[in-house]
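In: coordinates only, sequence not included:
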């Protein structure tokens, strides 16, 4: 079973697995709590984490570094 999007493609967008997991989890939690339908016209996944990963893959969700 192939997962979409693949971890290799996601790591091209966010270079750390740990950052990737954190961003996806925060977005998924927001979507769940706010009943947010998402920013993409359609999703392959029915689950919030899968939708968040699809948004990262599409470039709609990015990691911002808050360096001071």
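Out: Sure thing, it's come through. All of these numbers come straight from a predicted model, not from anything done at the bench.
In: What are the buried residues along stretch 35-53?
Out: When burial is assessed from 16 or more other Cβ atoms under 10 Å, stretch 35-53 yields the following buried residues: 38, 43, 48-53. From N, CA and C alone the C-beta is placed, and that goes for glycine too.
In: cool, stretch 3-17 as well?
Out: Per 16+ other Cβ under 10 Å, stretch 3-17 contains these buried residues: 5, 10, 13-14.
In: Same question for stretch 22-38.
Out: 23-24, 27-28, 31, 38.
In: and stretch 40-48, how far apart are its ends?
Out: Terminal residues of stretch 40-48 are spaced 13 Å apart (Cα to Cα, to the nearest Å).
In: distance between it and the chain's centre?
Out: If you compare the mean C-alpha spot of stretch 40-48 with that of the full chain, they lie 11 Å apart, counting by Cα atoms, centre = their mean, to the nearest Å.
In: In helices, which of the buried residues of stretch 22-38 fall?
Out: With helices identified by DSSP state H, the entries of those that belong to them are 23-24, 27-28, 31.
In: pLDDT below threshold where in this protein?
Out: Residue ranges of the chain with pLDDT under 70: 1-2, 67-68.
In: all helices of it, in order?
Out: 7-13, 17-34, 48-58.
In: So the residue lying closest to residue 36 once chain neighbours are set aside versus residue 11, what's the distance?
Out: With Cβ to Cβ, 6 or more residues apart in numbering as the measure, residue 30 is the residue that lies nearest to residue 36, at 6.3 Å, once sequence neighbours are left out. According to Cβ to Cβ, to the nearest Å, residue 30 stands 22 Å off from residue 11.
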